[in-house]
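# just a sequence and a predicted model for now, questions to come.
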Amino acid sequence: MTGTTLNDKPFDLKSFREKIVLLDFWSTTCAPCIAKMPELKELHEKYHARGFEVVGILVGNEASKARAVEIIESRGLPWLQLHDLQGELHQKFHGQGVPHCLLLDREGRVILIHARGESLARKLAELFAE
């Protein structure tokens, strides 16, 4: 998977090989997406040093980019954020709407669909052997 960050820099998921990665497709108009951000931030802080990465993927239009930056900065989200203005990445990962969260193993295979909330916390605890 390749894409473009909100800062218009290229990104290749291969750079996160050997890490557990959460792909978090979200929108600035999705209240549940924004509501789960503190929980994701907590999990990121807990497991990041052990190899957990979050890749936020904004599904929206050009106008939503500025609002997304405001949301990200106001919540202090430290992870990489991509934009999917054409919806190509969302379709590639079979997104039917947002939130759409997928957990990938260290080889880039999907190991958990609807990866959020308690199911995500349990799976990360299992993967990082707590």
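Cool, got the structure.
# list the strands paired with the host helix or strand of residue 53, with their directions.
In the assignment (DSSP states H and E), residue 53 maps to strand 52-59. Strands that pair with strand 52-59, judged by DSSP bridges, come out as strand 20-26 (parallel), strand 80-84 (parallel).
# and residue 82, what does it touch?
For residue 82, the residues meeting the contact criterion (CB atoms under 8 Å, 6 or more residues apart in numbering) are 3, 4, 5, 6, 11, 55, 56, 57, 58, 89. Every residue, glycine included, has its C-beta placed from N, CA and C.
# let's see that with 10 Å instead.
Applying CB atoms under 10 Å, 6 or more residues apart in numbering to residue 82 gives the contacts 1-6, 9, 11, 13, 23-25, 55-59, 89.
# hang on, residue 8 in a helix?
No - residue assignment for residue 8, taken from DSSP: H, G, I helix; E, B strand; the rest coil, gives coil, which places it outside any helix.
# per-residue pLDDT, it?
According to the per-residue confidence, residue 8 scores 89 in pLDDT.
# what segments of this protein are strands?
In the chain, the strands defined using DSSP state E lie at 2-5, 10-12, 20-26, 52-59, 80-84, 100-104, 110-113.
# point out the other helices and strands that the helix or strand of the chain with the lowest mean pLDDT packs with.
Across the helices and strands of the chain, mean confidence by mean pLDDT, DSSP states H and E is lowest for helix 88-92: a mean of 73. Based on contacts counted as 3 or more CB pairs under 10 Å, 6 or more residues apart in numbering; DSSP states H and E, the elements that helix 88-92 packs against are strand 2-5, strand 20-26, strand 52-59, strand 80-84.
# with distance to residue 122 added, can I get these in CSV?
Putting the helices and strands packed on helix 88-92 into CSV (distance: least, CB to CB, whole Å) gives the following:
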stretch, distance to residue 122
strand 2-5, 28
strand 20-26, 13
strand 52-59, 14
strand 80-84, 24
